[in-house]
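whatever this is, show me its structure:
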Amino acid sequence: MEIFKLERTSRTPFVLMDSAKGLIEIKGISIPNNSYDFFMPLFERIDSYVAAPAGKTVVNLELEYLNTSTSKALLEMFKKLAVIANIEFNWHYDGDDEEMLEFGRNYESLLDCSFNFYELSSVK
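Have a look, this model is predicted:
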């Protein structure tokens with residue numbers, strides 16, 4: 001199975017999908033001009049992956065900031081992934097960022113899936 005990776009930029013997050021390991025990671029800031037254009041290559045891989053997923057799938061998210069377009073794209077991604085039987089969503093957030101925690105909790109309630117929430121220690 002292939003590894004799909006997008007490097008982080010000032011407007012887009014680091015994205016990693018390792019199908020063989022059942023791992024998806026998204027980290028950083030997500031404010032692309034068009035989130036669907038940015039995430040479409042990942043969505044296409046997810047569509048293929050859900051047909052024959054790994055024994056366990058882990059989705060790690062560690063977002064510092066996201067725009068409304070990204071929020072909608074992430075919801076679409078979560079809906080695609082929620083059909084997988086053995087999936088774990090891990091939402092990492094800065095302890096000082098209540099808004100980012102709330103985003104994760106909203107996704108959890110919209111999807112009726114359990115998320116694990118991990119507070120990152122703030123370094124000042």
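
where along the chain do the helices fall?
35-49, 68-81, 98-111 (DSSP state H).

as JSON lines, these with mean pLDDT would be great.
Converted to JSON lines, those look like this (pLDDT from 0 to 100):
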{"stretch": "helix 35-49", "mean pLDDT": "96"}
{"stretch": "helix 68-81", "mean pLDDT": "96"}
{"stretch": "helix 98-111", "mean pLDDT": "94"}
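
I'd like these laid out as CSV, including mean neighbour count and distance to K27.
C-beta here means a position set from N, CA and C on the backbone, and glycine is covered the same way. As requested, those are exported to CSV (neighbours: other C-beta atoms under 10 Å; distance: least, C-beta to C-beta, whole Å):
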stretch, mean neighbour count, distance to K27
helix 35-49, 16, 13
helix 68-81, 17, 13
helix 98-111, 15, 12
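
let me have those in CSV, adding distance to I87 as columns.
What follows is the helices of the chain, written out as CSV (distance: least, C-beta to C-beta, whole Å):
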stretch, distance to I87
helix 35-49, 11
helix 68-81, 6
helix 98-111, 10
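
how close does A85 sit to I46?
A85 is 15 Å from I46, where distance means C-beta to C-beta, to the nearest Å.

picking that back up, minimum distance to F4: which of the helices of the chain has it?
helix 35-49 (5.3 Å; C-beta to C-beta).

which strands and helices sit next to the closest one?
strand 3-6, strand 14-18, strand 23-30, helix 68-81 (3 or more C-beta pairs under 8 Å, 6 or more residues apart in numbering; DSSP states H and E).

would JSON lines of the ones you listed with distance to F117 be doable?
Listed next are those as JSON lines, based on distance: least, C-beta to C-beta, whole Å:
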{"stretch": "strand 3-6", "distance to F117": "25"}
{"stretch": "strand 14-18", "distance to F117": "20"}
{"stretch": "strand 23-30", "distance to F117": "16"}
{"stretch": "helix 68-81", "distance to F117": "15"}
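
so for L61, which of the ones you listed sits nearest?
So among these, strand 23-30 is nearest, using C-beta to C-beta, at 5.2 Å.
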